Structure formats: structure tokens, C-alpha cells
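Engineer: predicted coordinates and the sequence they were generated for:
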Number of protein chains: 2
Amino acid sequence: MNDTTPRTAVRMTRQRAAVAGALGDTDEFCSAQQLHERLRTRGDAVGLATVYRTLQTMADSGDVDVLRGEDGENLYRRCERSEHHHHLVCRVCGRAVEIDGPSVEAWAASVGAAHGFADIDHTVELWGTCVQCRR
Amino acid sequence: MNDTTPRTAVRMTRQRAAVAGALGDTDEFCSAQQLHERLRTRGDAVGLATVYRTLQTMADSGDVDVLRGEDGENLYRRCERSEHHHHLVCRVCGRAVEIDGPSVEAWAASVGAAHGFADIDHTVELWGTCVQCRR
DNA sequence: AGTCGTGATGAGAACGGTTGTCAACTCGAC
DNA sequence: GTCGAGTTGACAACCGTTCTCATCACGACT
């Protein structure tokens, strides 16, 4: 009954290594399905459900950033910073820049409080077209 | 070839009036399905597809605000201001306050430009729990 | 190296929101 | 009243994501 004996160990499997590897290959946000396809063509086939599960787990533990694309699907990218931050994402290729809005956090909290709302959470993402994709 | 003869008139139908009426009843953001259900119990039955189509049309013309809920579904609310603005939404009841982040717009544009991104668009929504729902 | 328990996997079904299909309908201009 | 084009509704199709469950394989412990 002591915590020194983790009851739920996270096992390292070929599949998890593959997903992590594929994510490490790029700076761009990509969907679970894109990742699944990339792994398949790479010869590192992993079940789609597993890709979803793995990404979810990694997102929970803060190993990947998740954000909802403009069409509603979830996009993932390996996380470079563990602190809270936002993104400037290219809507064409998915390339992203991590940014922080120094004032945003404070602004969100104060606006929330001013209207009597608690547990304020905020969504702040910037979409644009990067130089390469602009042509 | 002159604009004085609109080729595609928007017709006022019982269904559109019903959807508009249901939206006018509340200040809260609600989903297409909630609206559909509300209309049904009200005796003003409208097909689900029609509710979706009508909301989409109204959103395009700026008559309703749309935002994507935390679970990914689209939420609609009658629009009070046509100018660009953001929302502070109660994640429990959907009640919302229209807000504007004076600095947000400028900040988004400058960050985008600084990284060579064009056509910057931004998503800024605040979620919280309102007084009534806090208990 | 062999055992074993439990977490992990994958194929496919299920789900939930949304959009497409198409024949029947109805608004509204004439 | 007529007529045509926009509109509607029941239902199928879509699509991303999650669930199911039998089978597999880490890895801790011999």
C-alpha cells in the first residue's frame, strides 16, 4: 500500500516508441490519422486506436500539445515547453510557433472575475499562413 | 447582370421564423440539437437538417454567433453586436457575456507579422462557471 | 531462460455531430 | 391561380473518435 510500488506502470512498447518517433520527426501539428498513415508508410504500422490512445496519454502527461483545428479535428505536436503557452499555427502546413501572451492570462482572469465567473479557462490560438505556404 | 435583381431571394418560412424565435428566447449558447429539441417540445417542429442549415445561414450572414464548445460541438446564440468580439461562456449552462479584448487584436496581428505569417485569424474564448451554476 | 499477471494492442463495431440526397412542398412574384 | 426556384424533411452517408474484447507481450520475479 505504499507509493513506491507503482501499481500502474507505463510500459514501453514498440507502438509507443513508434508514435513518439514519428512525432519527433516534425515541428508541425498533425492529426492522429496523418500520424497513423505516416507510421504505416514508414513500415512501423500501429493500429489507429492505439495511435489515438497513445496521443491521448501523451497529451495528458504533457508530452504533446493538442489543439483543435479549424475543421474540428485534434492536432498534435511534440511539446517543447511544459509551461502554459499558445500557438501561432500555419493553417496550410501545420507548422507552428510557440508564443506566450504575457497579458492574456491576467486579462482572462480579470474579465472572468469581473463577471462573477470562476474556474476561468481560456482558448487562445492564432492561425495564419506561413512564409513558405504563402508563395 | 445587375445587382438590383437578386437571383437568390431568402424566403421567410415557418421554419426559419421558428428557429429565429427559439434563439431569441435565450441569452445562452446552445447546440443545434438542443434547439431542435426545444422546437419540437414547443410544438414548432422543424427538421434537424433544416435547423443546421438555418443556423449555418444565419451564422454566415452574421445573425448568430457560433463557437465550438469544449467537446467539439458547435454552439449558437443570437448575436447582439455585429462588431468583432469574444465571449466569456459558462461551461455549465451556456450563458455568455460578450467581451472585447482591446489589446488582443493588435497583439495577434503583431505576433503574426513578427513571424512572417499572413492572414492572421485568432480564436479567443473564455470558459468559466457562472454564479448561478457555481452553487 | 521460464512464468505469470496485467497493461497494451488491433480489427472492427459503435457513436455522435454534421452534411448530403432527393422527392415533395411552398413562398411569392406575376 | 400559376409556376418555378428556393426550401424542407426523412434518412443515409460521413468522419473523427471511442469502445469492445479476445489476444498479445512487457517486465518483474524466480
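Structural biologist: Yep, that arrived. Residues are numbered from 1 along each chain as shown, chains lettered A, B, ... in the order given.
Engineer: what parts of chain A come near chain B?
Structural biologist: Contact residues, chain A versus chain B (Cβ under 8 Å from any Cβ of the partner chain): A:68, A:72, A:88, A:90-91, A:97, A:99, A:101, A:103-104, A:107-108, A:111-112, A:115-131, A:134. All C-beta atoms are positioned from the backbone trio N, CA, C, and that covers glycine.
Engineer: what angle do the lengthiest strand in chain A and strand B:118-129 make?
Structural biologist: Ordering each strand of chain A by length in residues (DSSP state E) puts strand A:118-129 first. Computed by axes from the mean of the first three to the mean of the last three Cα atoms, to 10 degrees, the angle separating strand A:118-129 from strand B:118-129 equals 170 degrees.
Engineer: so what touches the helix or strand just after strand A:118-129?
Structural biologist: Using DSSP states H and E, the next helix or strand after strand A:118-129 towards the C-terminus is helix A:131-134. For helix A:131-134, the surrounding residues in contact (Cβ atoms under 8 Å, 6 or more residues apart in numbering or on different chains) are A:90, A:92, A:93, A:95, B:116, B:117, B:118.
Engineer: ok, stretch A:101-117 next?
Structural biologist: A:84, A:86, A:118, A:120, A:122, A:124, B:88, B:90, B:97, B:99, B:101, B:103-104, B:107, B:111, B:126, B:128-131.
Engineer: same check on stretch A:11-29?
Structural biologist: Contact partners of stretch A:11-29, identified using Cβ under 8 Å, 6+ apart, comprise A:35, A:38-39, A:42, A:44, A:46-47, A:50-51, A:54-55, A:58, A:63-65, A:67, A:69, A:75-78, A:87, A:89-90, A:93-96.
Engineer: tell me the strands beside the longest strand of chain A, with direction?
Structural biologist: strand A:86-90 (parallel), strand B:118-129 (antiparallel) (DSSP bridges).
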